[in-house]
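**Student:** coords please:
(2 chains)
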Amino acid sequence: MTKKYQIALIVNGEQRELSVAVHHTLLDVLRNKLELRGANRGCDSGDCGACTVLMNGKAVTSCMVLAVDADGAEITTIEGLARDSRLHPLQQAFVEHGAVQCGFCTPGMILTAVALLEENPHPTEAEVRAGLAGNLCRCTGYAKIVEAVLAASAYHAPDE
Amino acid sequence: MTWKEFTYFAPTTLDEALALLAEHGREARVLAGGTDLLLRLKTGQWRPRYIVNIKRVPGLDEISFDPASGLRLGTLVTAASLARSEVVQAHYPALAQGAGVMASAQIRNLATVGGNLCNGAPSADLAPPLIALGGLAVVLGPDGQRQVPLDEFFLGPGQTALEPGELLVGVTVPLPQPGSGAVYLKHSPRRAMDIAVVGVAVAMTKSQKSHPAPAGSPDPAAVCEDVRIVLGAVAPTPLRARRAEELLRGQEITGERVAEAARTTAQEARPIDDVRGSAWYRRRMVEVLTRRGLTQLTEEKRQMSK
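**Tutor:** Numbering: from 1, shown residues only, chains lettered A, B, ... in the order given. Have a look, this model is predicted:
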């Protein structure tokens, strides 16, 4: 009988109490317990970025975080970005710039980009490429993705 | 799932953490950023009975700089906060460089100074700059506190000077000497998400001879007062090129001497062939990066540390 640990997370603004096994990762819990399947399991070893979520505002690979370790954290997944059925500016930019191909890397790309623009609202193309270096796209659509992030950064009002 | 069942502790004080490590010593692993630990748990490479998460212990994630004594990094300082820190960028740019070239933004947000060092990888990006800058590991254990110079901290791949029951609580780095500079150069096939094939850190303190250098010449009158050359990924541990350092120390810095020191550094490296690069290639890259690092520091205008 596997021992369970009680944890509390704020996921996309909602308080969630969960019972998790010690070896569950944050990704396991998001996908299997909370049925938030936007964070994808690619490499499961922190290399591909498909499972990226925001933890306390910072982009992290959720496959590399133990769920018990995330206790108390505030998590944002791709499901939590849209407001009142309006897409987040980065989601909108990805759609408009054809930056979504198969879609597997998209949630991770967008969340990494959200954190990037939070820290650096008007990045150069080189900064966008460096910032997204931990997100792999096997459709090789990087050009459109970088264009989308740069376009979204233009939406950021200077005082925002 | 290859994971072995383990018992999880999340102590909230340093005393509690140390008591757990003292009790469970060899059967426990410390969880800090987790980016190395989780990989090894998932693959079954490590099967600890106990995991001690030290992230609930307050105060271990602080960066503090004192203009009189230098820098202190808590063991839980992340690579991201190290790379972004204004005092680190201003006074220890080689350290910010090492932190900034680690893995990806997501991993840098998790990975810690303590984890990068305690994991004991020969390719750890923070080890060469910290050793070059004269860093000390601050270790707490059953017998109290001790300090270990970081150039004595690494004993072999995955092996450090930490005894069972001991915890690395932080690192101190002395104030840079006036006229000193340091640089970390990393070579890897991909610029991101890749482990160093070769990493070279060089720290040098220069003094000027009294007569001014002729205009336009690359600072020919500079004398190397002190130097450290530290290599990553080309030996079982991060490695100081002590013979090359000796060639330069107390000498006027000339292009010829820099080239000779770089060749000597390459001879001191003890690289292996592996999937990332051959020993031959690594040795050549050591020479190139060492020469490049020394040249950068030589040509840098004499900077007083502020």
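**Student:** please list the residues of chain A that sit near chain B.
**Tutor:** A:2-3, A:5, A:22-23, A:25, A:44-47, A:49, A:52, A:55, A:58-61, A:63-66, A:68-69, A:71, A:112, A:115-116, A:130-131, A:133-135 (C-beta under 8 Å from any C-beta of the partner chain). Just so you know, the C-beta spots here come from the backbone N, C-alpha and C atoms, and that holds for glycine as well.
**Student:** which among the residues you listed count as buried?
**Tutor:** A:5, A:22-23, A:25, A:44, A:46-47, A:49, A:52, A:55, A:58-61, A:63-66, A:68-69, A:71, A:112, A:115-116, A:130-131, A:133-135 (16 or more other C-beta atoms under 10 Å in any protein chain shown).
**Student:** helices - which of those land there?
**Tutor:** Among those, the members found in helices (DSSP state H) are A:112, A:115-116, A:130-131.
**Student:** how about these, which pair is most distant?
**Tutor:** A:Ala115 and A:Ala130 (13.2 Å; C-beta to C-beta).
**Student:** which helix runs longest in chain B?
**Tutor:** Criterion DSSP H: the longest helix present in chain B is helix B:279-299.
**Student:** outline the domain layout of the chain.
**Tutor:** All of this is about chain A. Per automatic domain parsing, the domain ranges recorded for chain A read A:4-80, A:89-155.
**Student:** meant chain B actually
**Tutor:** Split by automatic domain parsing, chain B gives B:7-53, B:63-173, B:180-299.
**Student:** closest to chain A out of those?
**Tutor:** domain B:63-173 (2.2 Å; C-beta to the nearest C-beta).
**Student:** distance of the nearest residue to A:Gly98 once chain neighbours are set aside relative to chain B?
**Tutor:** Nearest residue to A:Gly98 in three dimensions, chain neighbours excluded: A:Lys144, at 5.0 Å (C-beta to C-beta, 6 or more residues apart in numbering or on different chains). With distances taken as C-beta to the nearest C-beta, to the nearest Å, A:Lys144 is found 19 Å from chain B.
**Student:** OK, contacts around A:Lys144?
**Tutor:** A:97-99 (C-beta atoms under 8 Å, 6 or more residues apart in numbering or on different chains).
**Student:** how about the secondary structure of B:Gly134?
**Tutor:** Under DSSP: H, G, I helix; E, B strand; the rest coil, the three-state class of B:Gly134 is coil.
**Student:** show the model's pLDDT score for the residue nearest to the spatial centre of chain B.
**Tutor:** Chain B has B:Ala127 as the residue nearest its centroid, 1.8 Å off, counting by C-alpha atoms, centre = their mean. Per-residue pLDDT puts B:Ala127 at 97.
**Student:** now swap in B:Leu71 and tell me
**Tutor:** So B:Leu71 comes in at 98 (pLDDT).
**Student:** over to B:Ala213?
**Tutor:** pLDDT at B:Ala213 comes out at 55.
**Student:** with the one 10 residues further on instead?
**Tutor:** According to the per-residue confidence, B:Val223 scores 94 in pLDDT.
**Student:** let me know the helix or strand that it is in.
**Tutor:** strand B:222-232 (DSSP states H and E).
**Student:** pLDDT below threshold where in chain A?
**Tutor:** A:1, A:155-160 (pLDDT under 70).
**Student:** from it, which residue is nearest to chain B?
**Tutor:** A:Gly134 (2.2 Å).
**Student:** and the closest residue in space to that residue that isn't next to it in sequence, what does it touch?
**Tutor:** Distance criterion C-beta to C-beta, 6+ apart; nearest residue to A:Gly134, sequence neighbours excluded, is B:Ser104 at 2.2 Å. Shown in contact with B:Ser104 (C-beta under 8 Å, 6+ apart): A:49, A:61, A:133-135, B:192-193.
**Student:** and if we set it to 10 Å?
**Tutor:** A:46-49, A:52, A:59, A:61, A:112, A:130-136, B:111, B:192-194 (C-beta atoms under 10 Å, 6 or more residues apart in numbering or on different chains).
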